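> How does the following fold in three dimensions:
(chains A, B, C, D, E and F)
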There are 4 protein chains.
Amino acid sequence: MSRDLPVIVDQHEPEASTPVRSRDATNTRELLLQAARRRFAYDGYAATTVRDIAADAGVNVALINRYFASKEGLFEACLARAAEDLGSPDAGAVTLDDVLQVMITQVAALPNGEQPLQLLLLLRSSGDERADRIRRNTLQSFAERMAEVAGWRATDAGGEDLILRAQIMLATGLGIVLLRSSSGMEPLTSATGQQLGTPLGEVLTTLLSSSPPGRRR
Amino acid sequence: MSRDLPVIVDQHEPEASTPVRSRDATNTRELLLQAARRRFAYDGYAATTVRDIAADAGVNVALINRYFASKEGLFEACLARAAEDLGSPDAGAVTLDDVLQVMITQVAALPNGEQPLQLLLLLRSSGDERADRIRRNTLQSFAERMAEVAGWRATDAGGEDLILRAQIMLATGLGIVLLRSSSGMEPLTSATGQQLGTPLGEVLTTLLSSSPPGRRR
Amino acid sequence: MSRDLPVIVDQHEPEASTPVRSRDATNTRELLLQAARRRFAYDGYAATTVRDIAADAGVNVALINRYFASKEGLFEACLARAAEDLGSPDAGAVTLDDVLQVMITQVAALPNGEQPLQLLLLLRSSGDERADRIRRNTLQSFAERMAEVAGWRATDAGGEDLILRAQIMLATGLGIVLLRSSSGMEPLTSATGQQLGTPLGEVLTTLLSSSPPGRRR
Amino acid sequence: MSRDLPVIVDQHEPEASTPVRSRDATNTRELLLQAARRRFAYDGYAATTVRDIAADAGVNVALINRYFASKEGLFEACLARAAEDLGSPDAGAVTLDDVLQVMITQVAALPNGEQPLQLLLLLRSSGDERADRIRRNTLQSFAERMAEVAGWRATDAGGEDLILRAQIMLATGLGIVLLRSSSGMEPLTSATGQQLGTPLGEVLTTLLSSSPPGRRR
DNA sequence: AATGAATGAGGTTTCATTCAT
DNA sequence: GATGAATGAAACCTCATTCAT
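Below is the predicted model of the structure:
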C-alpha cells in the first residue's frame, strides 16, 4: 500500500478538469489497478466491465489489455496486490492483540476514510483457476497465521480445532466487511473501528485464547 | 423450506395421461426457482446466465421470461422465497439455544446433504433497487430477531449495541457460509454442523448473552 | 454441391424485398455456409468479417456463433464441405480425360454461371491447426488421385516423380483459379471452359501421360 | 534484386560513432521493406499486423507511418519493389530457355536458400485500388513478355491464344509457389530447382513452343 | 403451454494510427 | 530521428429477450 503514491492516484472519478493525459505508464498502471480493485471488490468480477474500470481510472479501455493482457489478468494483478498487502503486516503480529489490530484495520475504515478492499476482493471469484488459487492460498495462510499466534504449530497433530477457530474468526471479519459494503445495515455500516473493536476482541478471545482451560478437546 | 423436498420436484416427466396440465406449469416454475436459487447463490447474479438455469431445470429458456418476466424477476422471486424461509422458523426462537440451532441449520449441511442456500443468496446483489430492498430488509430483521431474543426491544433507547452485536453474529454465519462455498478452505468446508456448533455457540454466548449485567470486560 | 438446394439459396445480396425471416434453421445454416464460402474464397480468412458474411446471407450475425460456434468453426465447415465436393466426383475418374473434365469443372464457370470456389478455398488459411490439416489432406489426396489415374500406385518405390507432376498439374489449376478471381487478367479471366480445355489438356498429357517412352527416369 | 542481398541489410547496430545518421534512416526503411515483404507474401495483407513487421525489422512501429504513411503505403512500396525486380531480369530473355530459367528462379529457392517472394506477393491483395493496379499490370506484362518470346506481337490480330497460354504458364508458376509456401505438400515443397526444371520445361514447351505450325493436336 | 429461431445491445479484445517526449 | 504511451474504431462473441410456430 505504501507503493500507492497516494498523492497522485487518489482520484476515482473521471477527473473532468485536466484534459492533459499524463502519458506516464507506471502511473496509468497504478490508476487502473486502483480503479479495478474498487470495482471488483464492490461489484464482483462478472458485474464489472472493463469500460467501467477504464472510465473510473480516466484512461482508455485498450490500456487494460496493453498493461494486463486481459480483464482476467487485471483481476489477478489485483489479487496479487491484495495478497502482498495482507502478507506483510502480519509479520509482526505475535500477540492476539496484534491480530485484533490487523483485523480492525482490515474491517473498518482506514485513517483517510477509505474502506479497505483486500478482504472483499478475496471473496470475489472470476472462475479462473490461477486466480482462485491465489485467493485460496491467501485466505488459508491468513487464517494459519492467526492460529499460530494462538499457539498452533504446523507440526501439531490434532490441532485442527485451532485452525477451524481461526477460520471462523476470519469468516467473522469477512462477513462484516461484506455486510458493510453491500447491505447498508445499520448500525453496522457506520460503526467505527473503535465501536467494532470491543465485540470483535471478545470474539477473538473466545475463539482463540487458550486461557480457559478444558476448552480444547 | 418444505418446498425444498425432492418429492415435489420429481422432475419433468411428460405425463401424457393426465389432462391436468396446470400441474406442469407450477412444476416448471418450481424447477426454475430451484435451479435459479442454486446458481444465483453459488455463482452470483451477474455470473449466472439464464441458459445455465434453464439447462439445470431441464426446461426451455423462454419460459423464464414467460413465468418471471425477466432474469431480474426470477432473482427477485428467489429472494422472496429465501425471505419466507428465513422468516418463519425463527418465529419460535425464544432462547439463545434456539437461535444457535437456526444458525447451525443455515450454515451447515441439511439432513439430506444439500447445502442451505438462503444466506448465500442474501449476499448476492443484482444491482436492482427492489431486489436489494428485499435483501436488506431480510437481513436486518434476521439480526433484529436475534437481538430480541437477547433482550432487545425495539423501543429501547441506547440498545444499539445489542443490534450491532447481533449483526456481527449474523456476519459470522454469512462469512462461514461464503467461505465454505467459495474457498474450499479446510477444515472449515468439511466441518459438520456438530463440529461448528461448539465454537459458534461460544461466539453467540459471548456476543449476545446478557446474563452478566456488566458484560463488557 | 447437389445438396445446395439452389432454388432457395441462390441469392447473395441482402435480399431487400422480403422482410419475412425464414425461421428455418437448416436453411439459415446453408445460407451462411454459401455466403461464407464465397467471402472466404474471394477475400481470404482474415479480410472477411463475420458481419460481411451475415449481411450477405441476410441473417443476424449472432447466428454464426449459434450454428458454427465461431468464425473459425464456420471456416472449417466451409473447408469440410469443399473437401466433400472434391472427394466424390473423382471417384469415377479413371482416365486422364476424366481428370481433365474434373479440372475444367473446378477451374472454369459452372453451367449456372457461378464460379467454383472449392479450389480457391483450399488456398486460404486461417492459421488454425485443425483447419490447415483439412486443407493439406484434401489437396494432397486430390493430387494423389490424379497420379493414380496416371498409373501411380501407393506402394511404388521411386514413383515420386509422378506425384510431383500431379502436384504441378494441381498447381496449374489453382493458379488459374486464383488469377481469374483476383487479377482480372484478360483473356484468362473471361475464358470459357472450352477455351481453357485445349491448353489444359496439353499440359495434363505432357505431365502425366506415360505414352512417350523414355520420359520417366 | 541486388538489394535483397543480406550484405546491405546487415541489421541495425546502433553504430554510435558515425555522425552520418541519414544512413540509419534509409537502412531502417530497407529493414521495414524486407520484413514487410516476407510477412505480406507469406501471410497476406490482412493477416499481417504492423507490429509483426516492426518486430521482425527490429524497429519502432511508429516508423512505419513515418516512412510509408500507412500500412497500405508500405504494402504498395513492397509491390513496387517486386514489380521492379520482375521487370528487369526479363529484359534479356529472348529464348524460351531464358524464360524457363527466370521461372525456375522465381519458383524455387535462391542460391542463398531464401525463397523468392515476388510472385507470392503479387498474389496478395489489400483491397486498395492503387495497389491492385500495380499487381495487375505487373502480372499482365510478365505474361506478355513470355508471349513475346514465343512469337507474339502486340499488333497481332487473333494472337490472343498465345497470351492465354502464357498466362496459364504464369499460373503454373504461381500455383507452385503458393503450394510450396502454404501447404507443405511433398515432394513439391522440398523439390529443388533442378527437380522442378524438367516438368516445368515440358509444360513451357507444350504451351508456348510455336515450332510445329500445326501445334494444336 | 412450450419450443427453438432470431435479434440487438453490449462485452472484451485487437489494431492502425497519432501524440508527446 | 526515434520512442512508447495513448486513442478510437471496429472485430468477434455472449446473452437476455422476443417472435413464430
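> where does A:Gln101 fall, phi/psi-wise?
phi -60, psi -50 (degrees, to the nearest 10).
> what's the spacing between it and chain B?
Distance from A:Gln101 to chain B, counting by CB to the nearest CB, to the nearest Å: 17 Å. Just so you know, the C-beta spots here come from the backbone N, C-alpha and C atoms, and that holds for glycine as well.
> Skipping its backbone neighbours, what lies nearest that residue in space?
Taking CB to CB, 6 or more residues apart in numbering or on different chains as the measure, A:Gln101 lies nearest to A:Ala93, with 7.9 Å between them; neighbours along the chain are not counted.
> Kindly list the main-chain dihedrals of the nearest residue to A:Arg51 once chain neighbours are set aside?
Taking CB to CB, 6+ apart, and ignoring the residues beside it in sequence, A:Arg51 has A:Val61 as its nearest neighbour in space, at 5.7 Å. Its backbone dihedrals place A:Val61 at phi -60, psi -40, with angles given as degrees, to the nearest 10.
> OK, contacts around A:Val61?
Contacts here follow CB atoms under 8 Å, 6 or more residues apart in numbering or on different chains; on that basis A:Val61 touches A:Val50, A:Arg51, A:Ala54.
> Check A:Ile168 too.
Taking CB under 8 Å, 6+ apart as the criterion, A:Ile168 is in contact with A:Leu207, B:Thr172, B:Gly175, B:Ile176, B:Leu188, B:Leu196, B:Pro199, B:Leu200, B:Val203.
> show me what contacts the second one?
To tie it back to what came earlier, the one meant is B:Thr172. Contacts were defined as CB under 8 Å, 6+ apart; by that measure B:Thr172 touches A:Ile168, A:Ala171, A:Thr172, A:Gly175, A:Val203, B:Leu200, B:Val203.
> my guess is A:Arg124 meets A:Phe40, correct?
Yes - applying CB atoms under 8 Å, one finds A:Arg124 in contact with A:Phe40, separated by 5.6 Å.
> Between the two, which is the more surrounded one?
Neighbours per residue, other CB atoms under 10 Å in any protein chain shown: of A:Arg124 and A:Phe40, the larger number sits with A:Phe40, 25 against 22.
> Which strand or helix spans that one?
Take DSSP states H and E as the rule and A:Phe40 turns out to sit in helix A:25-43.
> Which residues does that helix contact?
Defining contact as CB under 8 Å, 6+ apart, one finds that helix A:25-43 is touched by A:4-5, A:8-9, A:12, A:22, A:48, A:52-54, A:56-59, A:63-64, A:67-68, A:74-75, A:77-78, A:81-82, A:117, A:120-121, A:124, A:181-182, B:46, B:127.
> and what of stretch A:128-147?
A:72, A:75-76, A:79-80, A:82-83, A:86-87, A:90, A:93, A:99, A:122, A:124-126, A:152, A:154, A:159, A:162-163, A:165-167, A:169-170, A:208, B:179, B:183-185.
> Out of the residues you listed, which are close to DNA strand E?
Applying CB under 7 Å from any atom of the strand to those, one finds that A:Glu72 fall near DNA strand E.
> In helices, which of the contacts of stretch A:128-147 fall?
Within those, residues falling in helices by DSSP state H are A:72, A:75-76, A:79-80, A:82-83, A:86-87, A:90, A:99, A:162-163, A:165-167, A:169-170, A:208, B:179.
> Would you report the backbone torsion angles of whichever residue of chain A sits closest to chain D?
When scored by CB to the nearest CB, chain A has A:Arg66 as its residue closest to chain D, at 11.7 Å. Main-chain dihedrals, A:Arg66, degrees, to the nearest 10: phi -60, psi -50.
> mind checking how far it is from A:Leu207?
As judged by CB to CB, to the nearest Å, A:Arg66 and A:Leu207 stand 46 Å apart.
> Just want to know which of those two has more residues nearby.
Using other CB under 10 Å as the criterion, A:Arg66 and A:Leu207 rank with A:Leu207 on top: 25 against 14.
> Now do the same contact list for the more buried one.
Shown here is A:Leu207, whose contacts under the criterion CB under 8 Å, 6+ apart are A:Arg165, A:Ala166, A:Ile168, A:Met169, B:Pro199, B:Glu202, B:Val203.
> pLDDT at the nearest residue to A:Gly44 once chain neighbours are set aside, what is it?
Leaving out its chain neighbours, the residue that sits closest to A:Gly44 by CB to CB, 6+ apart is A:Arg124, at 5.2 Å. Here, the pLDDT recorded for A:Arg124 equals 97.
> just A:Asn112 next, same as before
Reading off the per-residue confidence, A:Asn112 sits at a pLDDT of 71.
> now swap in A:Ser22 and tell me
In this model, A:Ser22 is scored at 67, pLDDT.
> Same question for A:Val7.
Per-residue pLDDT puts A:Val7 at 34.
> Who are the contact partners of the residue of chain A found nearest chain C?
Among all residues of chain A, A:Ser70 sits closest to chain C, at 17.7 Å; criterion: CB to the nearest CB. Contact criterion CB under 8 Å, 6+ apart gives A:Ile64 as the residues in contact with A:Ser70.
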